[in-house]
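# starting from these lines, generate the structure:
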Amino acid sequence: MSWVVATFYKFVRLSDFAEIRSPLLNVCQAQNLRGTILLAQEGINGTIAGSREAIDSVLAYLRSDGRLSDLEHKESVADTFPFDRMKVKLKREIVTLGLPDVDPSEQVGTYVNPQDWNALITDPDTVVIDTRNDYEVKIGSFQNAQNPETESFRDFPTYVQNNLNPAQHKKVAMFCTGGIRCEKASAYLLSQGFQEVYHLRGGILKYLEEVPAEDSLWQGECFVFDQRVAIQHGLEPGTHEMCLGCGHPISTNDKNSPAYEIGVSCPDCFAELTEEKRSIRRSAWKSRQANGHPQSPF
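I've put the predicted structure just below:
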C-alpha cells in the first residue's frame with residue numbers, strides 16, 4: 001500500500017494556537033495519520049502521511065477554519081510510512097528565524113511559479129540564494145546558487161548582514177524545500193531595505209514536481225525531513241540514506257568512509273563525537289532496533 005504525504009504551511013495570525021492543538025491532534029489520530037504539525041501565533045506548518053481518505057479529511061478539517069480556508073498543500077507518495085508517530089507541537093515560530101518582528105503575513109517577496117523560475121535565476125542581475133542549511137545544500141541545489149553555509153535558519157540574518165547590500169544587490173531570488181523558509185527570508189530582506197525580492201512558490205518540491213527533468217536547472221537531490229531522506233525529479237525517491245546518529249543525509253561514498261558506523265556516526269558528525277557519545281549512540285541504536293524503530297534518528 002502507498003501512503004500519501006502532504007506538506008503545508010501558512011503564515012497567518014493564530015492567537016488561539018494553543019487551544020487548537022488538542023482537537024487537531026485528536027482528528028489526526030482518529031484518521032491514523034503520522035507526522036508533525038507545528039502551531040504558533042504566526043501560523044501553521046506540517047507534514048503528515050496517511051491514506052488518501054485520511055489526508056483529505058484532515059485537510060478539510062483545517063480548511064474549515066476561515067483563517068486556513070485557502071491553505072495550500074503539496075503531495076507525494078511513499079511506499080512505507082515515513083514517520084513513526086503523530087505529533088502536534090506548540091512553538092514560538094513555525095520556522096525559527098529568531099526575529100519575532102519579521103512577519104510574512106504583513107509583507108512578503110514576490111512569488112515565482114516553477115515554470116518562470118529558470119528565467120529569473122539565469123538573469124545575470126539576479127543573486128540566487130539557497131536558504132536551507134549546509135547539510136541540505138550539499139546533496140543538491142540550483143545551478144549557480146549561493147550557499148550561505150548556515151547550520152540553522154537563525155544564522156541567515158548574519159549571512160545577509162555580512163554578504164548582501166540592498167544598494168548593490170538589487171534583485172534577490174531565494175528558494176528552500178517547501179517555500180516556508182524562503183518566504184520568511186523574503187520578509188526579512190524587505191525589512192532590511194531590499195527592493196526586488198523573489199521566492200520560489202511551493203519550493204524545490206513543487207519545482208521537481210512540475211518542471212521536466214530535461215528543462216531543469218536543479219542539480220542533485222532534495223533533502224526531505226522524513227524517512228525518505230531525499231527525492232528527485234517527479235518526487236521519486238532519491239539515493240541518499242539518513243545517518244541515524246545525527247539525522248544528516250549520507251551517500252554511498254559516505255557509507256564507505258571509516259567515519260561511518262550505522263546508527264552512530266557519519267563523516268558529518270564523527271569528529272565531534274567523544275567515545276562516550278559514541279557509546280551512548282550505540283546503546284540508543286540497539287534500543288531502537290529492539291523497539292521496532294530502527295529508522296528513527298538519535
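# helix, strand, or coil at the most centrally placed residue in the chain?
Nearest to the mean C-alpha position of the chain, by Cα atoms, centre = their mean, lies T177 at 4.7 Å. Using DSSP: H, G, I helix; E, B strand; the rest coil, the structure places T177 in coil.
# longest helix in this protein, please.
Ranked by residue count under DSSP state H, the longest helix found in the chain is helix 275-291.
# so, low pLDDT: which residues of the stretch 151-298 of the chain?
Along the stretch 151-298 of the chain, the model assigns pLDDT under 70 to residues 292-298.
# all the helices of it, residue numbers only.
156-163, 180-191, 203-210, 252-255, 275-291 (DSSP state H, counting those that start in this stretch).
# return the most buried member of those helices.
Highest mean neighbour count among the helices of the stretch 151-298 of the chain (mean count of other Cβ atoms under 10 Å): helix 180-191, with a mean of 24. In this view, the C-beta of every residue, glycine as well, is placed from N, C-alpha and C.
# may I have that one exported as CSV, CA atoms only?
This file holds the C-alpha atoms of helix 180-191, laid out as CSV (Å, rounded to 0.1, in the frame of the first residue of the first chain):
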residue,chain,number,x,y,z
ILE,A,180,8.4,28.4,4.1
ARG,A,181,11.9,29.4,4.9
CYS,A,182,12.4,31.5,1.7
GLU,A,183,9.0,33.2,2.3
LYS,A,184,10.1,34.3,5.8
ALA,A,185,13.6,35.2,4.5
SER,A,186,11.9,37.4,1.9
ALA,A,187,10.0,39.3,4.6
TYR,A,188,13.3,39.8,6.4
LEU,A,189,15.1,41.1,3.3
LEU,A,190,12.3,43.6,2.7
SER,A,191,12.6,44.8,6.3
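# now the angle from that helix to helix 156-163?
Angle, helix 180-191 to helix 156-163, by axes from the mean of the first three to the mean of the last three Cα atoms, to 10 degrees: 50 degrees.
# reformat the helices of the stretch 151-298 of the chain into JSON lines and put distance to S69 next to each item.
As requested, the helices of the stretch 151-298 of the chain are exported to JSON lines (distance: least, Cβ to Cβ, whole Å):
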{"stretch": "helix 156-163", "distance to S69": "30"}
{"stretch": "helix 180-191", "distance to S69": "19"}
{"stretch": "helix 203-210", "distance to S69": "21"}
{"stretch": "helix 252-255", "distance to S69": "44"}
{"stretch": "helix 275-291", "distance to S69": "40"}
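# out of those, nearest to M1?
helix 203-210 (21.8 Å; Cβ to Cβ).
# same for the closest one, what does it pack against?
Here helix 203-210 touches strand 73-78, helix 114-121, strand 171-175, strand 218-220, strand 222-223, going by 3 or more Cβ pairs under 8 Å, 6 or more residues apart in numbering; DSSP states H and E.
# for these, give me JSON lines that also has mean neighbour count.
As requested, those are exported to JSON lines (neighbours: other Cβ atoms under 10 Å):
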{"stretch": "strand 73-78", "mean neighbour count": "18"}
{"stretch": "helix 114-121", "mean neighbour count": "16"}
{"stretch": "strand 171-175", "mean neighbour count": "24"}
{"stretch": "strand 218-220", "mean neighbour count": "16"}
{"stretch": "strand 222-223", "mean neighbour count": "25"}
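# just put those in a markdown table and tack on distance to H233.
Below are the helices and strands packed on helix 203-210 laid out as a markdown table (distance: least, Cβ to Cβ, whole Å):
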| stretch | distance to H233 |
| --- | --- |
| strand 73-78 | 12 |
| helix 114-121 | 12 |
| strand 171-175 | 16 |
| strand 218-220 | 7 |
| strand 222-223 | 9 |
